[in-house]
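Asks: have a look; sequence and predicted model below, questions after that.
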Amino acid sequence: MTKKINLFANLKSDFASGLVVFLVALPLCLGIAMASGAPLFSGIIAGVIGGIVVGYLSQSHISVSGPAAGLTAIILTAITDLGAFDVFLMSVFIAGLIQLALGFLKAGSISNYFPTNVIEGMLAGIGIIIILKQLPHAFGYDADFEGDQAFIQNDGTNTFSFLFDILNHIKLGAVVISLISLVILISWDKISFLKNLKLVPGALVAVVAGVVLNEIFTATGSSLAIAKDHLVSLPVPQSFDEFKSILILPNFAAVTNPQVWVVGLTIAIVASIETLLCIEAADRMDVQKRYTNTNVELRAQGIGNIVSSLLGGLPMTSVVVRSSANNNAGAKSKMSAIIHGVLLLISVLAIPTILNKIPLATLATVLILVGYKLAKPATFFHFWEKGKYQFIPFIATLVFVVATDLLKGVALGIIISIIFVLRGNLKRAYSFKKEQYEDGDVIHIDLAQEVSFLNKAAIKLTLNEIPENSKVIINAHDTEYIAHDVLDLIREFKETRAIDANIKVKLKGFKAAYELENSPEINNHVSIEHYYDVAKRALVKKEQVKEKF
């Protein structure tokens, strides 16, 4: 049974984090729509639906959904090939139906087989991409659209050559605003007094400061004044009829077009994989170590894409950039994602003129700090210390995510991880007996000789089904190898989830190299049958020794 969540339990922190995500998401929604060759408001619509509809239906507490940069090339090609945006919306509608079906078919379980080092490599890679892509905006150079994550850009240049071109396009006013924004953001993150102002996030203060500074520059005729093309550019409807024209219905007559179905299937597959990767990453970032039902997430994404298509919005996924910003801002529940969607809706209807005064340099600075937290040097050192079998898949994923794209980078990391597992032992396995336990019984989980990341799904399911107020013994006496993913899972279960559920956990036989401290003896009533089994095994072993001599 799913525990009922009180969405208003952490409203203070969730509102502040929702506000930060709103500020980050606004230019990204517009930039991705522009790069996709779609109406600008289609990106905003997808952001609103991703926040309110998917945010409400999802069980993830950290992830935030919206239009994704990974779909821009697919959308741009599809709109061109299909010939009309309303025909493309029919493909989005079909993609939503397919995702809904995948959720009911429990296809989301595939996320359990993503290794932790690959997920961390993906996050670090995205962090580096964010930094590299936002640096030009921080210096006032906006030739590349907001939200672009591709290494090879539309004009044929690449991310690195584009960075060198910044020197010829530096805007001093943008640099000043970026530096002031950076000082504000770091102060809010380091100074305890400011850090405790939950309702006034640093990102909001930085945005207000950026707007005020540029207004002063403009009013005084200063050369530091930022031009309109370096500000947020949200379309402003001049009449109700103009606003109504924004909402475009799918062309349902195109349902018989085979190409529409091909595009719908492509969007469904790519969007679902990106969503599952992001959900796994969001669960890793969650300080409370809550697990998301990925099958429910696929159903939520499917409904979200169906609703988005009916209103003229782009397809969406769960997005790492927004989710990371949400986590860093201190989100406690999915109410944060919902609030971000509501703020997007209210702002585009009520205050588009004010939003169009926000300098992109300020928002770039916010994103650069998000990127740094995803790719902190400590993460690299952590996997280096874990050894080559953890570090190589991590660094390979990171490099290929930056140089190609998210899906190719993760695919390479998983392939390398599988090769390492197969090379060590083709028959590494984890097995357990699933029984019905009575209240008061001690639950015994005996780990096999070798446990790899491929066994993470079974162990996660077992730990997740352990009832509250129970006693658990996890025995690793016979193990020669335990994957770091599984060790992290056991550690998180013992240190977080077990405490919350009043589960007494005893660890036995874990080697010092596993960095999991074995538990002292706990007071519990082990059944007579258990002692009988232990004695029986000892006698059998003794007889086997006698036979040898």
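Replies: Perfect, thanks for sending it.
Asks: max-length helix in this protein?
Replies: Ordering each helix of the chain by length in residues (DSSP state H) puts helix 258-285 first.
Asks: that one: what's the following helix or strand?
Replies: Downstream of helix 258-285, the next assigned helix or strand under DSSP states H and E is helix 294-311.
Asks: mind saving the C-alpha coords of that next one as PDB?
Replies: The C-alpha coordinates for helix 294-311 follow below in PDB (Å, rounded to 0.1, in the frame of the first residue of the first chain):
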ATOM      1  CA  THR A 294       8.900   3.900 -12.200                       C
ATOM      2  CA  ASN A 295       5.900   2.200 -13.600                       C
ATOM      3  CA  VAL A 296       3.700   4.900 -12.000                       C
ATOM      4  CA  GLU A 297       6.100   7.500 -13.400                       C
ATOM      5  CA  LEU A 298       5.700   6.200 -17.000                       C
ATOM      6  CA  ARG A 299       1.900   6.400 -16.600                       C
ATOM      7  CA  ALA A 300       2.200   9.900 -15.200                       C
ATOM      8  CA  GLN A 301       4.400  10.900 -18.200                       C
ATOM      9  CA  GLY A 302       2.000   9.300 -20.600                       C
ATOM     10  CA  ILE A 303      -1.000  11.300 -19.200                       C
ATOM     11  CA  GLY A 304       1.100  14.400 -19.200                       C
ATOM     12  CA  ASN A 305       2.000  14.100 -22.900                       C
ATOM     13  CA  ILE A 306      -1.600  13.400 -23.800                       C
ATOM     14  CA  VAL A 307      -2.800  16.500 -22.000                       C
ATOM     15  CA  SER A 308       0.100  18.600 -23.400                       C
ATOM     16  CA  SER A 309      -0.700  17.500 -26.900                       C
ATOM     17  CA  LEU A 310      -4.400  18.500 -26.500                       C
ATOM     18  CA  LEU A 311      -3.400  22.000 -25.400                       C
END
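Asks: next, the angle helix 258-285 makes with that helix.
Replies: Between helix 294-311 and helix 258-285, the angle comes out at 130 degrees (axes from the mean of the first three to the mean of the last three Cα atoms, to 10 degrees).
Asks: what distance separates helix 294-311 from the centre of its chain?
Replies: 17 Å (Cα atoms, centre = their mean, to the nearest Å).
Asks: and that helix, average pLDDT?
Replies: In this model, helix 294-311 has an average pLDDT of 95.
Asks: swap in stretch 157-172?
Replies: On average, stretch 157-172 scores 78.
Asks: tell me who's in contact with residue 397.
Replies: Neighbour list for residue 397: 117-118, 121-122, 125, 409-410, 412-413 [criterion: Cβ atoms under 8 Å, 6 or more residues apart in numbering]. C-betas here are computed from N, CA, C, even on glycine.
Asks: next secondary structure after the one helix or strand it maps to?
Replies: Residue 397 is part of helix 388-403 when elements are defined by DSSP H and E. For helix 388-403, the following helix or strand on the C-terminal side (DSSP H and E) is helix 406-424.
Asks: and that next one, what's buried?
Replies: 406-407, 409-414, 416-418, 420-421 (16 or more other Cβ atoms under 10 Å).
Asks: show the contacting residues for residue 396.
Replies: When contacts are counted by Cβ under 8 Å, 6+ apart, residue 396 touches 121, 409, 412-413, 416.
Asks: what is the most widely separated pair among those?
Replies: The distance between the two most remote of the contacts of residue 396 (Cβ to Cβ) is 11.0 Å, for 409 and 416.
Asks: how far away is residue 341 from residue 452?
Replies: Distance of residue 341 to residue 452, computed by Cβ to Cβ, to the nearest Å: 39 Å.
Asks: settle it for me: which of the two has more neighbours?
Replies: residue 341 (27 against 23; other Cβ atoms under 10 Å).
Asks: and the more buried one, what's its pLDDT?
Replies: Residue 341 is given a pLDDT of 94.
Asks: give the buried residues for the helix or strand it falls within.
Replies: Residue 341 is located in helix 335-350, with elements delineated by DSSP H and E. Residues 335-345, 347-348 are the ones in helix 335-350 that count as buried (16+ other Cβ under 10 Å).
Asks: got the residues you listed as JSON lines, with distance to residue 58 columns?
Replies: Listed next are these as JSON lines, based on distance: Cβ to Cβ, whole Å:
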{"residue": "335", "distance to residue 58": "12"}
{"residue": "336", "distance to residue 58": "12"}
{"residue": "337", "distance to residue 58": "8"}
{"residue": "338", "distance to residue 58": "10"}
{"residue": "339", "distance to residue 58": "14"}
{"residue": "340", "distance to residue 58": "13"}
{"residue": "341", "distance to residue 58": "12"}
{"residue": "342", "distance to residue 58": "16"}
{"residue": "343", "distance to residue 58": "18"}
{"residue": "344", "distance to residue 58": "17"}
{"residue": "345", "distance to residue 58": "18"}
{"residue": "347", "distance to residue 58": "22"}
{"residue": "348", "distance to residue 58": "23"}
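Asks: for the residues you listed, which one is nearest residue 373?
Replies: Of the buried residues of helix 335-350, the one sitting nearest to residue 373 (Cβ to Cβ) turns out to be residue 336, at 16.8 Å.
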